[in-house]
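*Asks:* Below: sequence and its predicted model.
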Amino acid sequence: MSEYSAGAGSRRRWGIVMGNLDQTDARYCFLKPLFVDGGIIFGLASREENVRDGLAMGEIGRLFPIPTYENIHLEPGRPTVELAENIILVGSSILFLKSNAYPTKGGPPLSVGQDKLGERLKKIEKECCYGFIMRGDHRAVINKVTKEVYRSQRNRRRDIEIDFAVIRRKLRCSSQNTVIVEGLRRLGTIGAAKVLISSIHMGSIEKALSKIKSFDESALLEILVKVTFHPRGNDGVYSFSTVEAVPLMIVYNHQWTYDLIDGHQWIDQHPWDIHLVVSGDDKPIAVPPGATESPVPRLEIQGDLRTLGPGVSALCRRVFATGTGSEEDVTRLLEVLTAQAERFHIELVDETPWNNNLKIVDLPIGRTAIRRVRMQFLVLLALCRALGRGFYCDDSSIRQFLPKYEPGSSAKSLTGQFIAAVPCRLREGFEPLLGPARKPKGYLQVDYSKKTKTYNLRLDRIVLVIKLRL
């Protein structure tokens, strides 16, 4: 983790003013290494223009006014440049490596070169969620996780051009920090630059990042940008005032996405091997990859089991995915997963009172030893509900499935102490889900049958979602 890897809150503690940008400004926060240590903003010269993407490059340069930032240089790509450790690349990143990229007639090649940038760009490309690919004769942006593709469009009848771009940021301690501003075409690159220098757009991005717990600034950030232009209405000439640019999505560390238009919450976009939705008295429904999120309110239980080995993965697939598991398989799986309850993330997802956003509460509140046992118990009940069975509560079952429960010195039996400390006091740690005893939330109930000595999870007005990564 780099020296920039502070929590989201600490990004606003750097002082007062630097040049004409306040240090709490989201643009300063995003490009802090260049403001502090300097660097180079690179564009590429081209046959058709004096500087390829020069408009975008120049506008980004306005963030670093002279004389305050004399250590920031704007350069067309030239192999003679002594590459600064902190850089902003403006335009197609692959062209900075090609030795014959846009040479002037009779002149030297203009790329920065494989020897100076190759390894750095290769590492960033490997980490990226968004990649640039060829679709026929044209470039396109692809989300390498979801396989969603974004293409440039031009409709002469409607007088509209649409392009897409990606802003990438990779920080590494105080040196070799890289920002890439790259569109499918020059329109996209200009639009991405417009987003980068916008206090409003970068402020909304900063606000989204502040919602990430234990935010790591050294993790790769990517911003997908949509750009719109009306050629006839503007004589076909791009300018910052006529190009409309909107950031659509943020991707953090390849895995987490934030929809800036509709979602306004961080979503784990990596596919789940097991994704079940249970509602009411219905049987679980297997959700296909790429499906939309389940309705709210929902109790979502996520478990990453990839390090438990192929045996557990095979067991999960037999029991949950194919339904071919035996009764012994089901019992063994409940044993294993309940013992690994600390690997599970539990959250209550509901609408805010104004129905314009989602409210997500991590559960349980607090992680004392007894609350961890209650968490295990809730995970066990949820898994049992998904498997169409209850939890038979006796001394033997408690020792088998919840061995971390330690009874006190009471004269009561193990089962009696367990019932008093765990099911009967489940609200302690899960009050957002269950509510206070006098005013329950009504989402669900933990039912107990004295006749069968069995606990069951009853879903009244909430959906249960179980996600497992194997």
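*Replies:* Received it, and whenever you're ready, just let me know what you need.

*Asks:* and the helix ranked longest in the chain, how far out from the chain's middle?
*Replies:* Longest helix in the chain, counting residues (DSSP state H): helix 369-386. Here helix 369-386 is found 27 Å from its chain centre; the criterion is Cα atoms, centre = their mean, to the nearest Å.

*Asks:* now the residue of the chain most remote from its centre, what's its secondary structure?
*Replies:* Here the chain reaches farthest from its C-alpha mean at residue 411, the gap being 50.3 Å by Cα atoms, centre = their mean. Under the three-state scheme (DSSP: H, G, I helix; E, B strand; the rest coil), residue 411 adopts coil.

*Asks:* buried sites along the longest helix of the chain?
*Replies:* 370-386 (16 or more other Cβ atoms under 10 Å). Every C-beta, even on glycine, is put in place using the N, C-alpha and C of the backbone.

*Asks:* now do stretch 406-414
*Replies:* Neighbour-count burial for stretch 406-414 flags residue 407 (criterion: 16+ other Cβ under 10 Å).

*Asks:* Identify all contacting residues around that stretch.
*Replies:* With contacts defined as Cβ atoms under 8 Å, 6 or more residues apart in numbering, stretch 406-414 is touched by 369, 395, 398, 399, 416, 417, 418, 420.

*Asks:* Confidence-wise, which of the residues you listed comes last?
*Replies:* Note: of the contacts of stretch 406-414, the lowest pLDDT belongs to residue 369, at 93.

*Asks:* What score does residue 12 have for pLDDT?
*Replies:* You'll see residue 12 listed with a pLDDT of 31.

*Asks:* Show me how this structure divides into domains.
*Replies:* When the chain is parsed with automatic domain parsing, its domains come out as 8-267, 271-469.

*Asks:* Buried deepest among those domains, which one?
*Replies:* Highest mean neighbour count of those: domain 8-267, a mean of 18 (counted as mean count of other Cβ atoms under 10 Å).

*Asks:* weakest of the domains of the chain in terms of mean pLDDT?
*Replies:* Among the domains of the chain, domain 8-267 scores lowest, at a mean of 88.

*Asks:* any idea how far the residue farthest from the centre of the chain is from residue 418?
*Replies:* Distance of residue 411 to residue 418, given as Cβ to Cβ, to the nearest Å: 14 Å.

*Asks:* same thing with residue 266?
*Replies:* For residue 266 relative to residue 418 (Cβ to Cβ), the value is 36 Å.

*Asks:* for residue 239, same thing?
*Replies:* Plainly put, residue 239 is 71 Å away from residue 418 if you go by Cβ to Cβ.

*Asks:* ok, for residue 289, nearest residue in space, not its chain neighbours?
*Replies:* Nearest non-adjacent residue to residue 289, counting by Cβ to Cβ, 6 or more residues apart in numbering: residue 271, 4.6 Å away.

*Asks:* How are the helices of the stretch 151-300 of the chain distributed by residue range?
*Replies:* 186-196, 199-209 (DSSP state H, counting those that start in this stretch).

*Asks:* Relative to residue 114, which of those helices is closest?
*Replies:* Comparison of those against residue 114 by Cβ to Cβ identifies helix 186-196 as nearest, at 21.8 Å.

*Asks:* Packing partners of the closest one?
*Replies:* Judged by 3 or more Cβ pairs under 8 Å, 6 or more residues apart in numbering; DSSP states H and E, helix 186-196 is in contact with helix 54-61, strand 160-170, strand 178-183, helix 199-209, strand 221-229, strand 244-252.

*Asks:* Please compute how far the second one lies from its chain's middle.
*Replies:* How far strand 160-170 lies from its chain's middle: 18 Å, per Cα atoms, centre = their mean.

*Asks:* cool, the fifth one as well?
*Replies:* Chain-centre distance of strand 221-229: 17 Å, with Cα atoms, centre = their mean.

*Asks:* contacts for that strand?
*Replies:* 128-130, 141, 150, 160-170, 183, 187-188, 190-192, 194-195, 205, 209, 238, 242-252.

*Asks:* Now stretch 245-254 - C-alpha only, CSV.
*Replies:* The C-alpha trace of stretch 245-254 is given here as CSV (Å, rounded to 0.1, in the frame of the first residue of the first chain):
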residue,chain,number,x,y,z
ALA,A,245,-19.2,14.4,-21.5
VAL,A,246,-20.7,12.3,-18.7
PRO,A,247,-19.0,9.8,-16.5
LEU,A,248,-21.1,6.6,-16.5
MET,A,249,-19.3,4.1,-14.3
ILE,A,250,-16.4,3.8,-11.8
VAL,A,251,-14.5,0.6,-11.4
TYR,A,252,-12.4,0.1,-8.3
ASN,A,253,-9.7,-2.6,-8.2
HIS,A,254,-11.3,-4.5,-11.2
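
*Asks:* hang on, the earlier thing: rebuild the helices and strands packed on helix 186-196 as a markdown table, extending it with distance to residue 90.
*Replies:* Formatted as a markdown table, the helices and strands packed on helix 186-196 follow (distance: least, Cβ to Cβ, whole Å):
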| stretch | distance to residue 90 |
| --- | --- |
| helix 54-61 | 4 |
| strand 160-170 | 11 |
| strand 178-183 | 5 |
| helix 199-209 | 17 |
| strand 221-229 | 13 |
| strand 244-252 | 14 |
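
*Asks:* so which of the ones you listed gets nearest residue 460?
*Replies:* Comparing the helices and strands packed on helix 186-196 by Cβ to Cβ, helix 199-209 comes nearest, at 33.2 Å.

*Asks:* ok and that closest one relative to helix 186-196, angle-wise?
*Replies:* Relative orientation of helix 199-209 versus helix 186-196 (axes from the mean of the first three to the mean of the last three Cα atoms, to 10 degrees): 70 degrees.

*Asks:* Packing partners of helix 199-209?
*Replies:* In terms of contacts (3+ Cβ pairs under 8 Å, 6+ apart), helix 199-209 is packed against helix 26-30, helix 186-196, strand 244-252.

*Asks:* in the stretch 1-150 of the chain, which spans are strands?
*Replies:* For the stretch 1-150 of the chain, applying DSSP state E, counting those that start in this stretch gives strands covering 17-18, 21-22, 39-43, 72-76, 87-90, 130-135, 138-143, 149-151.

*Asks:* Please name whichever of those is nearest to residue 276.
*Replies:* strand 138-143 (24.6 Å).
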